[in-house]
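J.: Prediction below, plus the sequence it came from.
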Amino acid sequence: MGMSGPGGGGGGGSRRRRSRRRAAVMSEINVTPFVDVMLVLLIIFMVAAPMLTVGVPIDLPESQAEALNQEKEPLTISVNGQGEIFLQDTKVTAEEVVPRLIAITNAGYEERIYVRGDRSVNYGQVMQVMGAISGAGFRRVALVTEQAQGG
């Protein structure tokens with residue numbers, strides 16, 4: 001009477017077992033794609049971080065002076081190893097320094113001026129730039145050095 005073929009009544013039990021297996025969903029998160037993305041971002045930031053350094057690359061002398069806390073970014077004049085002068089990141093000539101500083105401070109920018117001189121540049125050239133700045137009436141002029149390591 002009862003046929004046990006594929007279309008018979010005996011096939012219902014196997015369907016129920018199959019549906020129970022499907023119901024057990026994995027609730028674990030696959031973290032491999034997440035780790036891959038994080039590693040790529042880490043590499044991108046490691047490569048990009050040195051490019052984000054502000055200013056002209058200068059080998060500053062060391063000093064025992066403590067670092068100053070700043071609210072605003074001060075004006076920075078840099079003299080690199082080749083004797084080139086930069087106002088912030090813009091290359092200028094020695095004759096352009098004072099007129100540009102006056103224009104910037106008349107626009108309401110910070111009057112504190114930092115002078116950065118490369119360790120290998122002639123001290124007289126750095127002092128010539130400082131003399132021109134202070135001769136133009138700027139009184140808040142300071143030399144920038146790196147903090148000495150090890151005290």
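T.: Done, it's in. Residues are numbered from 1 along each chain as shown.

J.: Look up which helix or strand residue 102 falls in, please.
T.: For residue 102, the element it lies in under DSSP states H and E is helix 94-106.

J.: Which strands and helices lie in contact with that helix?
T.: Here helix 94-106 touches strand 75-79, strand 85-87, helix 123-135, going by 3 or more C-beta pairs under 8 Å, 6 or more residues apart in numbering; DSSP states H and E. Where you see a C-beta, it was placed from the backbone N, CA and C, and this is true even at glycine.

J.: tell me the angle the next helix or strand after it makes with strand 75-79.
T.: Downstream of helix 94-106, the first helix or strand assigned by DSSP H and E is strand 113-117. Counting by axes from the mean of the first three to the mean of the last three C-alpha atoms, to 10 degrees, strand 113-117 lies at 20 degrees to strand 75-79.

J.: Name the residues that touch strand 113-117?
T.: 55-56, 58, 60, 74-79, 101, 123, 125-126, 129-130, 133, 138, 140-144 (C-beta atoms under 8 Å, 6 or more residues apart in numbering).

J.: Going through these, which ones are buried?
T.: 56, 58, 74-79, 101, 126, 129-130, 133, 138, 141, 144 (16 or more other C-beta atoms under 10 Å).

J.: so which one among the residues you listed has the lowest pLDDT?
T.: Lowest in pLDDT among those is residue 56, which has 64.

J.: What is the burial count for residue 103?
T.: 10 (other C-beta atoms under 10 Å).

J.: got a list of what it touches?
T.: Not one residue lies near residue 103 by C-beta under 8 Å, 6+ apart.

J.: Okay, it and residue 82: tell me how far apart.
T.: Between residue 103 and residue 82 the computed distance is 26 Å (C-beta to C-beta, to the nearest Å).

J.: what does residue 27 give?
T.: Distance from residue 27 to residue 82, by C-beta to C-beta: 64 Å.

J.: Next: residue 142.
T.: 23 Å.

J.: try residue 89
T.: Distance check for residue 89 against residue 82: by C-beta to C-beta, it reads 16 Å.

J.: same question, residue 45
T.: Taking C-beta to C-beta, one finds residue 45 at 31 Å from residue 82.

J.: now residue 47
T.: In terms of C-beta to C-beta, residue 47 sits 27 Å off from residue 82.

J.: again, but for residue 136
T.: 24 Å.
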